[in-house]
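Asks: sequence plus predicted model, see below.
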Amino acid sequence: MDKNMLNDEQLNEVSGGTKIPYVVVAGDTLTAIAQKNNVSLSDLMRWNNIQNPNLIRVGQQLILKY
């Protein structure tokens, strides 16, 4: 499995709310993804265990929570 893809267990670890997977596409930034989905950048980073918001890759699966 690609180390950037989240498995079912990791998806379940994101507590509360509805969990929606999001796959990064060319041109995406973490800030833009957060804004487009009405979530805070800090929450998006925390939900996905991202330390550096500038290091995301095309095809990487992220979790959005609502």
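Replies: Now that the structure is in, tell me what you want to look at. Numbers count the residues shown, from 1 in each chain.
Asks: what residues does Met45 make contact with?
Replies: With contacts defined as CB atoms under 8 Å, 6 or more residues apart in numbering, Met45 is in contact with Leu30, Gln51, Pro53. (Glycine included, C-beta is placed from N, CA and C.)
Asks: for it, give its distance to Gln35.
Replies: Here the criterion is CB to CB, to the nearest Å. By it, Met45 lies 14 Å from Gln35.
Asks: gap between stretch 19-33 and the chain center?
Replies: 7 Å (CA atoms, centre = their mean, to the nearest Å).
Asks: one more: stretch 39-57?
Replies: 6 Å.
Asks: make 385 the starting number, not 1.
Replies: Let's use 385 as the start, then, which means that last one is stretch 423-441.
Asks: what comes up buried for that stretch?
Replies: Neighbour counts over stretch 423-441 (16 or more other CB atoms under 10 Å) mark Leu425, Leu428, Met429, Trp431, Asn432, Ile434, Ile440 as buried.
Asks: alright, calling it a day.
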